[in-house]
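Participant: Build the 3D model from these lines:
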Amino acid sequence: MPYSFTRGGSPSTVSATELVISVFDQVDAEFHDVLYPEILFRTEFDEKSVKTDINPGALNYVSRLRDIKGVGQFIQGSARNIPRVGQVVGQITVPIQGAAVGAVLMDDEAERYAFGYQSALAQDYGAIMKRAADYHVERVLFFGDTPTGFLPYLSYPNVAVITGSLFANGTPADWYAQLNDALTTVWTTSLTVHLPDTIELPPEKFAKLTEAFVIGAGSTGVAISVLEYLKKNNIYTAQTGKELNIKSLRYLSGAGTSGLDRAIIKQSMPENVIIPFPMPYQLAQPVPIPLGVEMFAKYKFGSYYQRYPLAMAYLDGI
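Facilitator: Numbers count the residues shown, from 1 in each chain. The predicted structure follows:
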């Protein structure tokens, strides 16, 4: 009986010795990997926000902030009335933690693997370990890590949460108005300091924006998608002449308060975000064990840090 790839309806891992192949089977020489969603952190965050010039021995990354105060006024008969200026200096501490991933490579298994697949198991394990490290960084940057104090991009403290209305209960015109109002809210709440240029949406809500709706009435009406209309008709485009960036982010589905879908409205400037990354993924020398080796890799990174919380807002209930 041929070996089944599934056990109990779920894919299972097999070793070279478990494969049963008929002499009449044509074996594909190439592996076809199980497909997983794309890792997003490298494209989500600007590379200029990733600080790689940090000493690997640092336990924290410290960002200093300065706030100035004071305003002039008319002189009213005495120099004693002249106002004085001042400044307040503070700092934000971003935690950094070391991380690692490993694998056990036994000589017998490596030999069977080379014989059965004509491939090097050590090389394949190295690629799997690198992928595992990427998954770790991805999870922590987007969702945070409570024990280490790492804060999440998807629900960063002090970022305003705007309450929206469910897309299912609105029209395309309502969707446009809701998103455009959220852009304006970020701009005006920051006293026009931060002009948002990006909207991120859950994939299913992003897809809804591709639906056509009619601008105008009667014979003068024009059918256009909400996506295209919003890109060109918003406060960011009106102020800069540049097109608004609208994209999907799969982690936003159910990321809002009480499990509601969440959108992110933000000014995507590199200086607004810091991600300490003092040590990239590094493969260490294998450690010999009886009849095999242990493989290890290490890396070190810090929490997501939103330097200016007013540069971003969450829109829940879309």
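Participant: Quick check: buried residues in stretch 285-293?
Facilitator: 292-293 (16 or more other C-beta atoms under 10 Å). Just so you know, the C-beta spots here come from the backbone N, C-alpha and C atoms, and that holds for glycine as well.
Participant: Give me the distance between the two termini of that stretch.
Facilitator: End-to-end distance for stretch 285-293: 10 Å, by C-alpha to C-alpha, to the nearest Å.
Participant: List the single closest residue to E294 in space, sequence neighbours excluded.
Facilitator: Leaving aside its chain neighbours, E294 sits nearest to V287 (4.6 Å; criterion: C-beta to C-beta, 6 or more residues apart in numbering).
Participant: That neighbour contacts L105, correct?
Facilitator: No - judged on C-beta atoms under 8 Å, V287 makes no contact with L105 at a distance of 10.4 Å.
Participant: which neighbours do those two share?
Facilitator: 293-295 (C-beta atoms under 8 Å, 6 or more residues apart in numbering).
Participant: Take those residues and keep only those in strands.
Facilitator: Using DSSP state E, the members of the shared contacts of V287 and L105 that fall within strands are 293-295.
Participant: and of those residues, the nearest to Q123?
Facilitator: Taking C-beta to C-beta as the measure, Q123 sits nearest to M295 out of those, at 10.7 Å.
Participant: how far away is the residue nearest to E294 from Y36?
Facilitator: 29 Å (C-beta to C-beta, to the nearest Å).
Participant: Poorly predicted segments of the stretch 151-300 of the chain, please.
Facilitator: 214-221 (pLDDT under 70).
Participant: quick one, helices of it?
Facilitator: Assignment of helices within the stretch 151-300 of the chain using DSSP state H, counting those that start in this stretch yields the ranges 172-189, 203-208, 226-232, 235-240.
Participant: So for L209, what's the nearest residue that isn't a sequence neighbour?
Facilitator: Leaving aside its chain neighbours, L209 sits nearest to L227 (4.0 Å; criterion: C-beta to C-beta, 6+ apart).
Participant: dump the residue contacts of the one you found.
Facilitator: 206, 209-210, 246.
Participant: that older thread, just give me the closest of the shared contacts of V287 and L105 to T185.
Facilitator: Of all the shared contacts of V287 and L105, M295 has the smallest distance to T185: 50.4 Å, by C-beta to C-beta.
Participant: so what's that closest one up against?
Facilitator: 102-105, 122, 125-126, 129, 283-284, 286-287.
Participant: One more: D67?
Facilitator: 87-90.
Participant: run the last query once more with 7 Å
Facilitator: Taking C-beta atoms under 7 Å, 6 or more residues apart in numbering as the contact definition, D67 lies against 87-88.
Participant: With P276 instead?
Facilitator: The contact partners of P276, taken as C-beta under 7 Å, 6+ apart, are 51, 54, 61, 94, 96, 301-302.
Participant: same question, Q178
Facilitator: Q178 neighbours (C-beta under 7 Å, 6+ apart): 164-165, 318.
Participant: Rebuild those as TSV, extending it with distance to N234.
Facilitator: Output for those, formatted as TSV (distance: C-beta to C-beta, whole Å):
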residue	distance to N234
G164	16
S165	19
I318	16
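Participant: which among these end up buried?
Facilitator: Here, 16+ other C-beta under 10 Å leaves 164, 318 buried among those.
Participant: does I274 really touch Q306, like I thought?
Facilitator: No - applying C-beta atoms under 7 Å, one finds I274 not in contact with Q306, separated by 8.3 Å.
Participant: The contacts of Q178 in strands, which ones?
Facilitator: Filtering those for strands - DSSP E - leaves nothing at all.
Participant: Show me which of the contacts of Q178 is closest to T148.
Facilitator: Nearest to T148 among the contacts of Q178, with distances taken as C-beta to C-beta, is I318, at 30.9 Å.
Participant: That closest one: what's it in contact with?
Facilitator: By C-beta under 7 Å, 6+ apart, the residues touching I318 are 164, 167, 178, 205, 261, 263.
Participant: Which of the residues you listed lies at the shortest distance from P278?
Facilitator: A263 (32.4 Å).
Participant: Mind checking the pLDDT average for the longest strand along the chain?
Facilitator: Ordering each strand of the chain by length in residues (DSSP E) puts strand 86-106 first. Averaged across strand 86-106, pLDDT comes to 89.
Participant: Go through the following helix or strand past that strand and flag the buried ones.
Facilitator: Downstream of strand 86-106, the next assigned helix or strand under DSSP states H and E is helix 107-117. Under the neighbour-count criterion of 16+ other C-beta under 10 Å, helix 107-117 has 109-110, 113 buried.
Participant: Report the angle between helix 107-117 and strand 86-106.
Facilitator: Angle between the axes of helix 107-117 and strand 86-106 is 80 degrees (criterion: axes from the mean of the first three to the mean of the last three C-alpha atoms, to 10 degrees).
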